[in-house]
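**Student:** Build the 3D model from these lines:
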Amino acid sequence: MNPLLRQGSALLMVVGLTGCAPPDPPVLPAPAAPVGAVAPARQLASNDDDIANRPIEDAPEPPKAADAPVVDDAAPSVVSVALDHAGDVVIGQRFTELAADGPWHSAGLSEGEPSGACEYYERGNLPEGVSMMVEEDHVQRFELAPIEESYEAITQPGPFGLRLGMTLDEALKRLPPGSTRAPHAYDPETGEYLTWQDPGSDLAIRLEIFDGVISKLYWGASGAVELIEGCA
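**Tutor:** Just a heads-up that it's a prediction; the model follows:
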C-alpha cells in the first residue's frame, strides 16, 4: 500500500475513535449564596437617651426551692446517758454484784424487813455525796441531798451539771425542754417538784425546789424518782 494512503487511513481511525468518546460534562457556575435580611443599623445612643441612662440589671435569679425543715443531727433524741449512772454504778445493776466494791453504808431501812426490801446505800464506789436506792437487789435511783442542811458540803454535780443550791431559773436553762412542775407534797406553798422524763427511755430526773433553789436531786428509773418516802 502506498505510504501516504496508510498514514491517511491511520489518521482517520484516530479521528473516528476520538469522536466516539462521550463529551465532558459542562462546568456549571456555583449557586450564589442567598442574601440574608440585613438588620437596620442601630442608632447610636447619646447621653441624653433613656437607654444610656438606664441602670444595668442582672438577670433575675431563679426562684428558690422551698426551704426544707432543718434537722439538728447533733441534738440527740435520747439523753439517757446522763441519767443511767452515778460514777461506775448503773441503774438496774444488782447490788450483790456491787457488794465487793464496799464498804457500803446503809440507811437501815431494811432492818427487820424480808430480803430484797427497799434500802439506801452510800459510799462504795459512788461519787462523794451521792446515795442510791436499791429494791429487789436492783439499783433504782440516785440521790443528791445536803449534808446537815448544808448545800456547800456537796460539791458533786448531778446530771446536766445541776447542783444543790442552784436557782430554779438556772436549772431550767440546763434541763432539756419538756420539764413539768408540780406542788411539793409536804409544802406546796414554798416547794415544788421539777421533773423531766427522757422521751426515749424509762429514765427521768426530779428536782425538789424550795424557796427557788434546788434542795434535792433524784435521777434513775422513772417510777423510782417519783417516790416520796423510801420506796413508797
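**Student:** so which strand or helix has Lys173?
**Tutor:** Element membership of Lys173 [criterion: DSSP states H and E] is helix 168-174.
**Student:** Equivalent analysis for Thr96, please.
**Tutor:** Using DSSP H and E, Thr96 sits in helix 95-98.
**Student:** following the helix holding Lys173, which helix or strand shows up next?
**Tutor:** strand 180-183.
**Student:** Paired strands for that following strand, with orientation please.
**Tutor:** Strand 180-183 has the following strand partners under DSSP bridges: strand 191-197 (antiparallel).
**Student:** list the buried ones in the strand it pairs with?
**Tutor:** Residues 192-197 are the ones in strand 191-197 that count as buried (16 or more other Cβ atoms under 10 Å). Bear in mind the C-beta positions are built from the backbone N, C-alpha and C, glycine included.
**Student:** can you check stretch 138-148 too?
**Tutor:** Here stretch 138-148 shows 138-146 as buried, counting by 16+ other Cβ under 10 Å.
**Student:** that older thread, please enumerate residues in contact with the helix holding Lys173?
**Tutor:** Among residues not part of helix 168-174, those counted as contacts by Cβ atoms under 8 Å, 6 or more residues apart in numbering are 160-162, 179, 194, 207, 209, 212-214.
**Student:** What of stretch 94-103?
**Tutor:** 88-89, 104, 121, 123-125, 134, 137-139.
**Student:** and it, how far apart are its ends?
**Tutor:** Stretch 94-103 has an end-to-end distance of 16 Å (criterion: Cα to Cα, to the nearest Å).
**Student:** What residues sit buried inside stretch 219-232?
**Tutor:** Across stretch 219-232, burial judged by 16+ other Cβ under 10 Å covers 219-222, 224-225, 227, 231.
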